[in-house]
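Visitor: structure of the sequence below:
(one chain, ligands or ions: 1)
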Amino acid sequence: MKNIRGFSKLSKDKKINWICENFFKGNKEAEHVLKQYWNDNSKLQKLHDDFSENVVSNYYLPFSIAPNFLINNKIYAVPMAIEESSVVAAACNSAKFWKENGGFSAQIIKKEKNGQIHFFFKGKSIELEKYFSFVKPKLFQKTSPITKNMQKRGGGIKEIKLIDKTKDLKNYYQIFATFDTIDAMGANFINSCLEEFAKVFIESTSEFENINKNDIQIVMSILSNYVPDCIVRANATCSVEKLNSLHPETKNFTKKIVDAVAIANCDISRGVTHNKGVMNGIDAVAIATGNDFRAIEAGVHAYVSRSGKYQSLTKAKIIGNKFLYSIEIPLSIGTIGGVTDLHPLVKFALELLGNPNSDDLMMIMASVGLAQNFGALRSLVTSGIQKGHMKMHLINLLNKLNANENEKELAIEHFKNHKINNASVELFLKNIRK
Ligand code: MEV
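Guide: Just a heads-up that it's a prediction; the model follows:
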């Protein structure tokens, strides 16, 4: 019976029993897989159980540290939560190179979030505009209980506009609001404001002559993850000779990096993968610091497509004797709220970074993204990505093949000079096990 009513009401044990009975033929091994991740510390386990609905286990990700990030003259050891073997190693290598070459300099370009009430209006748009002017001060007033604390911290609602979208969709309008959420990502704050706006927007029609409440149909009120006005930039610069000296065996290494970025900027097939590499680093920091990486990803890829053509997040050029490297990226993140003061590892991660405010964390993340891109391009234009990647992945392959510690040591030594892939590792183990 794979259908169930009231699954969420079952205890954790009963949920697991039901799953094992119905999907694993009562197999006890499946139960063991889930339960082996339970934490003995019942308080900590309860905290994680309460994060979500229908929790049956915990899902571990490696929590790594990338030290030596010099950003705006300050050294950071950056927490990264990611399972992909070579990402942290690449970030560390890049951080080390750039630390020896002045580090990253980063700045916030602008920092504004936004959200919309999407609605249909059947009447004349001129009347709607008049009504909007009438109701706008009320939108600010009636949300003051929600915005009071944010205002005390220097943030709040910045602007509320009416936008006519009827050219795109019949009778479609938006109330478009912008916000400063200071150190919070601000999703709850923005959504609460928007839902209150929607209520006031409808209710106040009774106080205005030429608008009929029934002509307005509110569809939804929600923040936008498209944040083109919440932008951070990070730069790194060194001399062309210095960069070339990193790979003397590769002719024109610096020029190759510049060419690789130019290719990503003009070709979507390469561009998406190039940006994915940037996001390897940014998502890992986002997860470690309790930020919503889905929101970041959605916003970033829309941002790089804003001209109608998908582009690279990073830029690289050579001017005279200088290699100039930069990233400009929308990052709507927070260092307070959400799970930031609940999840012990997230709290640890933020403390490790010196309890940054959201500006600082944006600058750290942008720098890590640039470093990550540098690491990927450096491999791609020299040895190729597989050498470093498979070196890091070797241990996973060995684990998959149940290699013991002695076999692992022998394999690591052997594969220093041999190509690593599934077949070669399997063959190596077969031979030494003979
Ligand atoms: C792999 O996770 C990321 C890369 O593909 C990025 C890139 O190609 O630039 C190596």
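Visitor: what about Ser312, which SS state?
Guide: What DSSP: H, G, I helix; E, B strand; the rest coil gives for Ser312 is coil.
Visitor: offset the numbering so it begins at 57, please.
Guide: Sure thing, new numbering starts at 57, so read that last one as Ser368.
Visitor: tell me the residues of the chain that contact the ligand?
Guide: Proximity of the chain to the ligand, by Cβ under 6 Å from any ligand atom, involves residues 140, 329-330, 332-333, 336, 432, 436, 441. Backbone N, C-alpha and C define where each C-beta goes, glycine included.
Visitor: and Glu109, how many neighbours does it have?
Guide: Applying other Cβ atoms under 10 Å, we find 8 other residues in the vicinity of Glu109.
Visitor: need phi/psi at the nearest residue to it once chain neighbours are set aside.
Guide: Spatially, and ignoring its direct neighbours in sequence, Glu109 is nearest to Ser64 (5.9 Å; Cβ to Cβ, 6 or more residues apart in numbering). Main-chain torsions, Ser64, degrees, to the nearest 10: phi -70, psi -20.
Visitor: same deal with Lys167?
Guide: Torsion angles, degrees, to the nearest 10, at Lys167: phi -150, psi 80.
Visitor: nearest residue to it in space, ignoring adjacent ones along the chain?
Guide: Cys286 (5.3 Å).
Visitor: neighbours of that neighbour, just the number please.
Guide: Around Cys286 there are 25 residues (other Cβ under 10 Å).
Visitor: that one reaches Pro386, doesn't it?
Guide: Yes: with contacts counted by Cβ atoms under 8 Å, Cys286 reaches Pro386, the gap being 5.3 Å.
Visitor: from the centroid of the protein, which residue is nearest?
Guide: Phe349 (2.8 Å; Cα atoms, centre = their mean).
Visitor: could you report the distance from that residue to Val437?
Guide: Counting by Cβ to Cβ, to the nearest Å, the gap from Phe349 to Val437 is 28 Å.
Visitor: now do Gly337
Guide: From Gly337 over to Val437 (counting by Cβ to Cβ), the distance is 18 Å.
Visitor: next, the contact list for the residue of the stretch 257-406 of the chain found nearest the ligand, please.
Guide: Nearest to the ligand in the stretch 257-406 of the chain, going by Cβ to the nearest ligand atom, is Gly333, at a distance of 2.6 Å. Contacts for Gly333 (Cβ atoms under 8 Å, 6 or more residues apart in numbering) come out as 428-429, 431-433.
Visitor: from those, which is closest to Gln92?
Guide: Gln428 (32.2 Å; Cβ to Cβ).
Visitor: got the phi/psi numbers for Ser161?
Guide: The phi/psi pair for Ser161 (degrees, to the nearest 10) is phi -120, psi 140.
Visitor: excluding chain neighbours, what is closest to it?
Guide: Asn291 (5.2 Å).
Visitor: same check, this time on Phe107
Guide: Val395 (6.9 Å).
Visitor: assign that neighbour to helix, strand or coil.
Guide: Strictly by three-state DSSP, Val395 counts as coil.
Visitor: what about it, how many neighbours?
Guide: Val395 has 16 nearby residues by other Cβ under 10 Å.
Visitor: before we move on, what about Ile246?
Guide: Neighbours of Ile246 (other Cβ under 10 Å): 26.
Visitor: Lys166 is in contact with Val288, isn't it?
Guide: No: taking contacts as Cβ under 8 Å, Lys166 lies outside contact range of Val288: 9.2 Å.
Visitor: settle it for me: which of these two has more neighbours?
Guide: Neighbour comparison, Lys166 and Val288: the larger count goes to Val288, with 26 against 11 (by other Cβ under 10 Å).
Visitor: in contact with the more buried one, which residues?
Guide: 162-165, 384-385, 387, 415, 418-419, 421-422.
Visitor: bridging residues for it?
Guide: Ile164, Ile385 (DSSP bridges).
Visitor: before we move on, the earlier item: figure out the helix or strand that the residue of the stretch 257-406 of the chain closest to the ligand lives in.
Guide: Using DSSP states H and E, Gly333 falls within helix 324-344.
Visitor: okay, buried residues for that helix please.
Guide: The neighbour-count check on helix 324-344 (16 or more other Cβ atoms under 10 Å) flags 326-327, 330-331, 333-344 as buried.
Visitor: quick one: the strands in the chain?
Guide: Along the chain, counting by DSSP state E, strands occupy 119-127, 130-137, 161-167, 169-177, 212-220, 228-236, 272-279, 286-295, 370-375, 378-386.
Visitor: next, the angle from the longest one to strand 169-177.
Guide: Here strand 286-295 runs at an angle of 140 degrees relative to strand 169-177 (axes from the mean of the first three to the mean of the last three Cα atoms, to 10 degrees).
Visitor: again, but for the second one
Guide: Angular relation of strand 130-137 and strand 169-177 on a 0 to 180 degree scale: 50 degrees, by the same axes, to 10 degrees.
Visitor: packing partners for strand 130-137?
Guide: Here strand 130-137 touches strand 119-127, helix 143-155, helix 324-344, helix 400-408, helix 414-436, going by 3 or more Cβ pairs under 8 Å, 6 or more residues apart in numbering; DSSP states H and E.
Visitor: what's the closest of those to Thr370?
Guide: Between the helices and strands packed on strand 130-137, helix 414-436 lies closest to Thr370; by Cβ to Cβ that is 4.8 Å.
Visitor: coming back round to it: distance to Met448 for the strands of the chain - can I get that in JSON lines?
Guide: Listed next are the strands of the chain as JSON lines, based on distance: least, Cβ to Cβ, whole Å:
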{"stretch": "strand 119-127", "distance to Met448": "12"}
{"stretch": "strand 130-137", "distance to Met448": "14"}
{"stretch": "strand 161-167", "distance to Met448": "28"}
{"stretch": "strand 169-177", "distance to Met448": "37"}
{"stretch": "strand 212-220", "distance to Met448": "45"}
{"stretch": "strand 228-236", "distance to Met448": "41"}
{"stretch": "strand 272-279", "distance to Met448": "38"}
{"stretch": "strand 286-295", "distance to Met448": "24"}
{"stretch": "strand 370-375", "distance to Met448": "23"}
{"stretch": "strand 378-386", "distance to Met448": "24"}
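Visitor: and those strands as TSV, adding mean pLDDT and distance to Lys204?
Guide: Listed next are the strands of the chain as TSV, based on pLDDT from 0 to 100; distance: least, Cβ to Cβ, whole Å:
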stretch	mean pLDDT	distance to Lys204
strand 119-127	98	34
strand 130-137	98	33
strand 161-167	98	21
strand 169-177	98	18
strand 212-220	98	9
strand 228-236	98	14
strand 272-279	98	19
strand 286-295	98	23
strand 370-375	98	41
strand 378-386	98	28
